[in-house]
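**Q** requesting a structural model of the entry that follows:
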Amino acid sequence: MDLADALELSRAELVSFVGAGGKKTAMKRLVTEAAGRDLEVCYTTTTHMPPPPDLPLVLTDADDGGVALREPKGPLALATTHVENPERVETKVRGLEPSTLETLFRNERFDWLLVKADGARRREFKAPAEHEPAIPPASTCVVPVVSVEAVGRPLTDAVAHRVERIERCADVSRGETITPEHVGQVLADPEGGVKRVPDGARIVPLVNKAETDAARRDAAAAISTAFARSSRIDRAIACSLERGRLSVHER
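**A** This is a model prediction of the structure:
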């Protein structure tokens, strides 16, 4: 199954990705799937990101947001400027404001606008800070991402980003073992995976790195908890994006 089908994407979508453990991988997969559907797609962010190496990078004026952009055709990465002295990577670019991306989407320059709406510092699990996430108001679908590899490990900074925020969303304290239920609690919490999601947007959690039978069971348990905790979540995905394995769960 394609990821686009699992997310139930139509021809015109603004998809915002939040969380940790697979946002960029999911976005890259959708770029590939868009090419097979003859769709124009833009890969961008409302925060900072390393530019994807396999896409042309277009730097645009922050106020314009690429609204008048006509070339190049085909998939591209869109940003404003390079970040000076980036941490953890050689190159990083600064994205656009959520309102600017909303204008770009309404302009219909792209069929799919894929947006990385927060950062996770390469951790497996996170809950957003007070100022996060920066989700464009026109988002049609929001995908809270988590890696099931966090399960069974202690809740520390080595595994999770913003441990103190996870503690607020789930029944867990720093140093305790992360369970599937903790993951599901964060996915469904108003200060976690569903934070700042626009009223009209679909919410489809994605539990990534479910590469073994045990990991798939953990992913299913996390999803079941999320269903029980949030009436807005009716569909979720357990997957291994690297291996191309997807399983859709529905309430």
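
**Q** hmm, residue 167 is touching residue 178, no?
**A** No: here residue 167 lies out of contact with residue 178, judged by Cβ atoms under 8 Å, at a distance of 11.4 Å. C-beta: built from backbone N, CA, C; applies to glycine.

**Q** check the contact lists of the two and give me the overlap.
**A** Common contacts of residue 167 and residue 178, defined by Cβ atoms under 8 Å, 6 or more residues apart in numbering, comprise residue 155.

**Q** how about the strands of the stretch 151-251 of the chain, start to end?
**A** For the stretch 151-251 of the chain, applying DSSP state E, counting those that start in this stretch gives strands covering 160-161, 202-203, 206-208, 235-240, 245-250.

**Q** most neighbours per residue, which of those?
**A** strand 206-208 (a mean of 29; mean count of other Cβ atoms under 10 Å).

**Q** and that strand, what does it pack onto?
**A** helix 23-36, strand 141-147, helix 213-229, strand 235-240 (3 or more Cβ pairs under 8 Å, 6 or more residues apart in numbering; DSSP states H and E).

**Q** out of those, nearest to residue 120?
**A** Shortest distance between residue 120 and those, using Cβ to Cβ, is found for helix 23-36: 7.4 Å.

**Q** what about residue 81, distance to residue 42?
**A** Distance of residue 81 to residue 42, given as Cβ to Cβ, to the nearest Å: 17 Å.

**Q** quick one: which of these two has more around it?
**A** residue 42 (25 against 12; other Cβ atoms under 10 Å).

**Q** these two touch, right, the more buried one and residue 111?
**A** No: using Cβ under 8 Å, residue 42 is not in contact with residue 111, being 9.1 Å away.

**Q** between the two, which contacts overlap?
**A** With Cβ under 8 Å, 6+ apart as the test, residue 42 and residue 111 reach no residue in common.

**Q** hmm, residue 17 and residue 26 touching each other?
**A** Yes: counting by Cβ under 8 Å, residue 26 does reach residue 17; the two are 6.2 Å apart.

**Q** ok, residue 235 - contacts?
**A** 8, 202, 204, 248-251.

**Q** report pLDDT for it.
**A** pLDDT, residue 235: 98.

**Q** count the residues that sit near residue 117.
**A** Neighbours of residue 117 (other Cβ under 10 Å): 26.

**Q** for residue 56, same thing?
**A** Based on other Cβ under 10 Å, the number of other residues close to residue 56 is 12.

**Q** straight-line length of stretch 189-202, end to end?
**A** Using Cα to Cα, to the nearest Å, the end-to-end distance of stretch 189-202 comes to 15 Å.

**Q** distance from the chain centre to it, please.
**A** In terms of Cα atoms, centre = their mean, to the nearest Å, the centre of stretch 189-202 is set 12 Å apart from its chain centre.

**Q** list the contacts of that stretch.
**A** For stretch 189-202, the surrounding residues in contact (Cβ under 8 Å, 6+ apart) are 7-8, 16, 18-19, 127-128, 132-133, 135, 137-142, 144, 146, 165-166, 168-170, 185-188, 203, 205, 226, 229-230, 232-233, 235.
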